[in-house]
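K.L.:
Return atomic coordinates for the entry below.
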Amino acid sequence: MKPKKITVEASPDHPDVLDVRDAMQQVMDYFDLLTDRGQSDVVWNLVSASTNSPFTAEGVPVDLRTNAPAYGQVQEYVAVIERGFARLKGGEPLDVDFPAEKREVAKRILKRNLNGIGRTVIDLGDDAIYEIVPQQAERSLAALNGEDDEEYDYLFSTFARKEFGAIEGRIIDLSTDYNEPSIKLKEHRSGREIQCRISDLAREEIENSLTAGDVWTHRRARVRGIINYDPSGKIVRVYDGRIAFIETKGTKISDLRDPHFTGGLPAYEYIDRLRENELG
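P.N.:
As a prediction, the model looks like this:
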């Protein structure tokens, strides 16, 4: 076993911009996956990191009690994680050996490749790698979620194109979409109802609100995420969305009233002059 390495690259849409948070969180989640929580004395020691593009980090397991490398102690656990990644790479679901508490961590790594990160390369051992680009991330997420081929086709393959952006509208429903928290938004421009899956960042807040829909329903909101379009250019759905509410300020009649609007003229005279185009 040798040191483990992860490489993170920016999205092709913005090849010179790699969000610091995305890059750091991707690295932290990767080494979190390799950390057996049952071995509290073993940590992954950062031995090298490149801030140039692409961003690369390399770590080795160390036993804090002896400050010595701990490859032997982590080898079996790391092998389980790498077998899981190899299955996801092939579009297969994780097996029962993959730690249940690490499934959400794996999801986060994959989802970042749909929102901000263009490419992640993970060492699988024996000179094998797991290269995650958006299309691979979608396939792996489908496998990770246990989605069958019909759902995968529904969610991904019918899209003509997709891009990162935002839509605005009014929330008309809170629900789940294939067991994932989501909202249904009536889009402002088209009036169409768009299903929006919610990102992990918004998940907890919306899950807490699912039993109190009146708090969210009918509020104006902006959802930013991966917008998927059909061949005709219509928005089909939003994936991995983040929600920002649009606050509207109520207007009173007194706010609209202007006693000096007619310049001192009676209303009927002002209207007559307006009709005759006598007002400057």
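K.L.:
Excluding residues flanking it in the chain, which one is nearest residue 49?
P.N.:
Nearest non-adjacent residue to residue 49, counting by Cβ to Cβ, 6 or more residues apart in numbering: residue 57, 4.7 Å away. C-beta here means a position set from N, CA and C on the backbone, and glycine is covered the same way.
K.L.:
Thought residue 48 was touching that neighbour, still the case?
P.N.:
Yes: shown here, residue 57 and residue 48 form a contact pair, counting by Cβ atoms under 8 Å, at 7.3 Å.
K.L.:
Those two: who's more crowded?
P.N.:
Applying other Cβ atoms under 10 Å to residue 57 and residue 48 shows that residue 57 carries more neighbours, namely 22 against 11.
K.L.:
in the sheet, who's paired with that one?
P.N.:
Beta-bridge pairing of residue 57 under DSSP bridges involves residue 6, residue 49.
K.L.:
mind listing what it touches?
P.N.:
Residues in contact with residue 57 (Cβ atoms under 8 Å, 6 or more residues apart in numbering) are 5, 6, 27, 31, 46, 48, 49, 50.
K.L.:
how close does the second one get to residue 116?
P.N.:
Residue 6 sits 16 Å away from residue 116, taking Cβ to Cβ, to the nearest Å as the criterion.
K.L.:
Residue 23 - how many residues pack around it?
P.N.:
When neighbours are counted by other Cβ under 10 Å, residue 23 comes out with 23.
K.L.:
before we move on, which element is it in?
P.N.:
helix 20-33 (DSSP states H and E).
K.L.:
Pull out the buried positions in stretch 73-93.
P.N.:
Residues 73, 74, 77, 78, 81, 82, 83, 84, 85, 87, 88, 89 are the ones in stretch 73-93 that count as buried (16 or more other Cβ atoms under 10 Å).
K.L.:
all helices of the stretch 101-250 of the chain, in order?
P.N.:
With DSSP state H, counting those that start in this stretch, the ranges of helices along the stretch 101-250 of the chain come out as 103-112, 134-144, 149-152, 200-209.
K.L.:
Among the ones you listed, which one carries the weakest average confidence?
P.N.:
Lowest mean pLDDT within these: helix 149-152, at a mean of 46.
K.L.:
For the stretch 101-250 of the chain, give me the ranges with low pLDDT.
P.N.:
Residues of the stretch 101-250 of the chain that meet the criterion pLDDT under 70 lie in 125-126, 146-160, 177-179, 200-217, 248-250.
K.L.:
you'd agree residue 115 is up against residue 241?
P.N.:
No: at 9.3 Å, residue 115 does not count as touching residue 241 under the criterion of Cβ under 8 Å.
K.L.:
And the two? Which one has more around it.
P.N.:
A count of neighbours by other Cβ under 10 Å puts residue 241 above the other of residue 115 and residue 241, at 28 against 20.
K.L.:
what number of residues lie near residue 130?
P.N.:
Residues lying near residue 130 (other Cβ under 10 Å) number 18.
K.L.:
how far away is the most centrally placed residue in the chain from residue 11?
P.N.:
Of all residues in the chain, the one closest to the mean position by Cα atoms, centre = their mean is residue 240, 3.6 Å from it. According to Cβ to Cβ, residue 240 and residue 11 sit 13 Å apart.
K.L.:
Now residue 133, what are its backbone angles?
P.N.:
Here is the backbone geometry of residue 133 (degrees, to the nearest 10): phi -120, psi 170.
K.L.:
meant to ask about residue 82, not that
P.N.:
phi -70, psi -30.
K.L.:
Please determine how far it is located from residue 35.
P.N.:
Separation of residue 82 from residue 35 (Cβ to Cβ) stands at 14 Å.
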